[in-house]
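J.: Quick one, what's the 3D model for this:
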Amino acid sequence: MFYAVTLAEARRKDDAIREGSNALEISPDDPMMLYNCACRCLHARLGETQRALELLRQAIARGHLNFGWMRNDPDMASLRDNPEFIALTSGQIAPDEPGKIAQDVAAKAQARSLTAKSNSPIVSQ
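T.: Here you go, the predicted model:
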């Protein structure tokens, strides 16, 4: 994994992804390997948001639960405003329910909209 990080830092994206994938093949269920591949060497750092989130879900599902660090990890900066990242790192949703995240985000947005409408003053004519 360290070699993949070095390649990513050298902006050798394809090589970094290949080496990160090789590391995951060796340790496919290691939560730290999944997390580091998601953030440090590959996907969050290289702008591959969906793959980063997929690996993050897997890391959480396998026991990597340091949500405070995840939210503040500089390597995760590109994901901080992503609704799925926010939901995963706040423990609001199980990592094995990625489709539910989109539903929850839409439901919360609709609820905020309805609340805003019900709290707005009524103007009579």
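
J.: hey, which helix or strand in this structure has the poorest pLDDT?
T.: When the helices and strands of the chain are scored by mean pLDDT, DSSP states H and E, helix 98-119 comes last with a mean of 56.

J.: Let me know the helix or strand that residue 28 is in.
T.: When elements are assigned from DSSP states H and E, residue 28 belongs to no helix and no strand.

J.: begin at 44 from here
T.: I'll keep to 44 as the first residue from here, and by that count the last item is residue 71.

J.: Just give the number of residues close to it.
T.: Each residue near residue 71 was counted by other CB atoms under 10 Å, and the total is 11. Every C-beta, even on glycine, is put in place using the N, C-alpha and C of the backbone.

J.: Can you read off the pLDDT for it?
T.: Residue 71 is assigned a predicted lDDT (pLDDT) of 85.

J.: For it, give its distance to residue 46.
T.: Between residue 71 and residue 46 the computed distance is 18 Å (CB to CB, to the nearest Å).

J.: again, but for residue 70
T.: Remark: distance between residue 70 and residue 46 (CB to CB) = 14 Å.

J.: Give me the below-cutoff pLDDT ranges for the chain.
T.: 83-85, 136-168 (pLDDT under 70).

J.: and if we set it to 80?
T.: Applying pLDDT under 80 to the chain flags residues 44-45, 82-86, 88, 134-168.

J.: need the helices for it, in chain order.
T.: Using DSSP state H, the helices of the chain run over 45-52, 56-69, 74-79, 92-104, 110-115, 126-132, 141-162.

J.: how about these in JSON lines, adding distance to residue 86 and mean neighbour count?
T.: Below are those laid out as JSON lines (distance: least, CB to CB, whole Å; neighbours: other CB atoms under 10 Å):
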{"stretch": "helix 45-52", "distance to residue 86": "10", "mean neighbour count": "17"}
{"stretch": "helix 56-69", "distance to residue 86": "8", "mean neighbour count": "16"}
{"stretch": "helix 74-79", "distance to residue 86": "11", "mean neighbour count": "20"}
{"stretch": "helix 92-104", "distance to residue 86": "3", "mean neighbour count": "20"}
{"stretch": "helix 110-115", "distance to residue 86": "14", "mean neighbour count": "14"}
{"stretch": "helix 126-132", "distance to residue 86": "12", "mean neighbour count": "20"}
{"stretch": "helix 141-162", "distance to residue 86": "15", "mean neighbour count": "11"}
